[in-house]
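**Student:** I need the structure of the sequence given here:
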Amino acid sequence: MKKFRKLAAASCAALLVAAMGAGCGSKAPTNQLEMYEGNFSEMQLIHHMIKMVVEAHTDLTVNIKDEMTSVNMFKELTAKDPSCDLMNSYDGTLLTTYLKLDPEDVPAGQSIYDFSNETAETQYGVHLLDKLGFNDTYCVAVPQAIADQYNLTTISDLVPVASELRFGAEHEFFTEEGSMKYGPFTKFYGLNFKEAIPVDLGLKYAAVENGSFEVTEVYSTDGLNRKAQLKVLEDDKNFFPEYNGAILIRDDVIEKYKDVAPNLVDVLNTLGGKFTNESMTDLTYQVDVEGKSVDDVAQAFLTQQGLL
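**Tutor:** Model prediction:
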C-alpha cells in the first residue's frame, strides 16, 4: 500500500510539474497566426478580413491581440523574438517610416512598392504581398468654410495665409519617425502656421469640426473626411508619395506553415485588388460614422466579393 501511495504521489507530482510548465512557458499553438489590433478602422478592417479568410480557407487560426500603433507593430513583427506574424501596411510607410528612406532614394524606373519590398526583405526578412487596391496617402484638408474664406484649392494656396491658421493632427504626425511628417512637410512647402497642435487620433476630427484648428492631415480613404465635410487640398508639388495598402508578412512565417497551410499566400492574396479608394472610404464610413462593428462590415464585404 505504501508503495502504491508513493507511486501515486510521484505521478501526481509529475502531472503537476507538467501542467505548471505548460502554463508558464507555453507558446501560441503551432497552427496559430499572431496579429495585433490596429488603432484605426482601416487597419482593423483589413486585420479582421485576414482572420476571416485564413480561418475559412486554411487549417490555421488567427489570434488578434491588443491594439497597437503601426510603428510598434512593425517592431514586434521584426523583433528577434517576434510576437506578430503579419500586419496591414503601405508601401509608402514601409519606405519612409520603417526603412527611413525618401522617395528620392528609389532608383529611376522602379516603383516605391518594388524598391521598398526588396529593401525590407533584405534588411528585415519581411515582404509585402499583392497590393490591396487602395492608395491611402496623406492629405491636407480644411473645413469647406475655411476653403471658401481663403480660396484654398492646393496646399500651395496655404503659404500666404498659414500664419493666420492653426495646424492640428495626431501625435504620430509630429514625430521624427519617417520623412513624411509635419517638419519635413512644412519645410518643403514653406509653411509657417500660427500654431501646431498635436491631439489624440480619436479626437482629431471632433477638434477640427469644433474649430480647435483650421488645417489638418488626413488619410485619403478615411470616411470621417466625408462626415466632417473637409475639403482635401491638392498636393500640387507632390510631396506625399503613394501609400498602397498591402499585407506585410515575415518570410519565415510562410516557411513555418508550408505543411499545415501551403496555400497561405494564395489565400491572403485573394484580398489583392479587391478594394478601391471609394470602397475603402465606404467601409471606414460604416464603422466610424454609422457605428457598425468591424466584424459585421468586414464579413459583409468579403461575402459580397465572394471570398466567404
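
**Student:** which regions of the protein sit below the pLDDT cut-off?
**Tutor:** 1-29, 176-179 (pLDDT under 70).

**Student:** at 80 what do you get?
**Tutor:** The model of the chain has pLDDT under 80 over residues 1-30, 176-180.

**Student:** what's the longest strand in it?
**Tutor:** strand 126-135 (DSSP state E).

**Student:** after that strand, next one along is what?
**Tutor:** Next helix or strand after strand 126-135 toward the C-terminus (DSSP states H and E): strand 138-143.

**Student:** who touches that following strand?
**Tutor:** Strand 138-143 is contacted from outside by 152, 155, 158, 180, 208-209, 214-220, 225, 228-233, 235, 240, 243, using CB atoms under 8 Å, 6 or more residues apart in numbering. All C-beta atoms are positioned from the backbone trio N, CA, C, and that covers glycine.

**Student:** distance between the longest strand of the chain and the chain's centre?
**Tutor:** Remark: strand 126-135 is offset 11 Å from the chain centroid, using CA atoms, centre = their mean, to the nearest Å.

**Student:** direction included, what does it pair up with?
**Tutor:** Looking at strand 126-135 with DSSP bridges, its partner strands are strand 244-250 (antiparallel).

**Student:** output the longest strand of the chain as CSV, nothing but the C-alphas.
**Tutor:** Only the C-alpha atoms of strand 126-135 are listed here, as CSV (Å, rounded to 0.1, in the frame of the first residue of the first chain):
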residue,chain,number,x,y,z
VAL,A,126,9.7,40.7,-44.4
HIS,A,127,7.8,41.5,-47.7
LEU,A,128,4.6,42.9,-49.0
LEU,A,129,2.0,40.7,-50.6
ASP,A,130,-0.2,41.9,-53.5
LYS,A,131,-1.4,45.4,-53.4
LEU,A,132,-4.9,45.6,-52.0
GLY,A,133,-6.0,48.2,-54.5
PHE,A,134,-6.4,51.5,-52.5
ASN,A,135,-3.9,54.3,-52.1
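
**Student:** buried stuff in it?
**Tutor:** Residues of strand 126-135 classed as buried: Val126, His127, Leu128, Leu129, Lys131, Leu132, Gly133, Phe134, Asn135 (neighbour count, 16 or more other CB atoms under 10 Å).

**Student:** so the second one bridges to which residues?
**Tutor:** According to DSSP bridges, the partner residues bridging His127 are Ile249.

**Student:** isn't it right next to Glu121, touching?
**Tutor:** Yes - between His127 and Glu121 there is a contact at 4.6 Å, judged by CB atoms under 8 Å.

**Student:** wait, what's in contact with Thr221?
**Tutor:** Applying CB under 8 Å, 6+ apart, the residues contacting Thr221 are Glu42, Phe134, Asp136, Asn277, Met280, Thr281, Thr284.

**Student:** any idea whether the first one is helix, strand or coil?
**Tutor:** Translated: Glu42. Secondary structure, DSSP: H, G, I helix; E, B strand; the rest coil: Glu42 is helix.

**Student:** now it: closest residue in space, sequence neighbours ignored.
**Tutor:** Thr284 (5.5 Å; CB to CB, 6 or more residues apart in numbering).

**Student:** packing partners of the helix or strand hosting the one you found?
**Tutor:** Here Thr284, judged by DSSP H and E, is contained in helix 277-288. Where contact means 3 or more CB pairs under 8 Å, 6 or more residues apart in numbering; DSSP states H and E, helix 277-288 is packed against helix 41-57, strand 126-135, helix 224-227, helix 294-304.

**Student:** can you do 10 Å?
**Tutor:** helix 41-57, strand 126-135, strand 215-219, helix 224-227, helix 294-304 (3 or more CB pairs under 10 Å, 6 or more residues apart in numbering; DSSP states H and E).

**Student:** pull the residues that contact the last one.
**Tutor:** If you take CB atoms under 10 Å, 6 or more residues apart in numbering as the criterion, helix 294-304 is touched by 37-38, 41, 43-53, 56, 270-271, 274-275, 279-280, 282-287, 290, 292-293, 307-308.

**Student:** buried residues, it. List them.
**Tutor:** For helix 294-304, a neighbour-count test (16+ other CB under 10 Å) marks Val294, Val297, Ala298, Gln299, Phe301, Leu302 as buried.

**Student:** swap in the fourth one?
**Tutor:** Along helix 224-227, these residues count as buried under the neighbour rule (16+ other CB under 10 Å): Leu224, Asn225.

**Student:** picking that back up, tell me which of the contacts of Thr221 is nearest to Tyr189?
**Tutor:** For these, the closest approach to Tyr189 (CB to CB) belongs to Asp136, at 20.9 Å.

**Student:** the stretch 51-200 of the chain: helices as residue ranges?
**Tutor:** Along the stretch 51-200 of the chain, counting by DSSP state H, counting those that start in this stretch, helices occupy 70-77, 91-93, 112-124, 144-150, 182-189.
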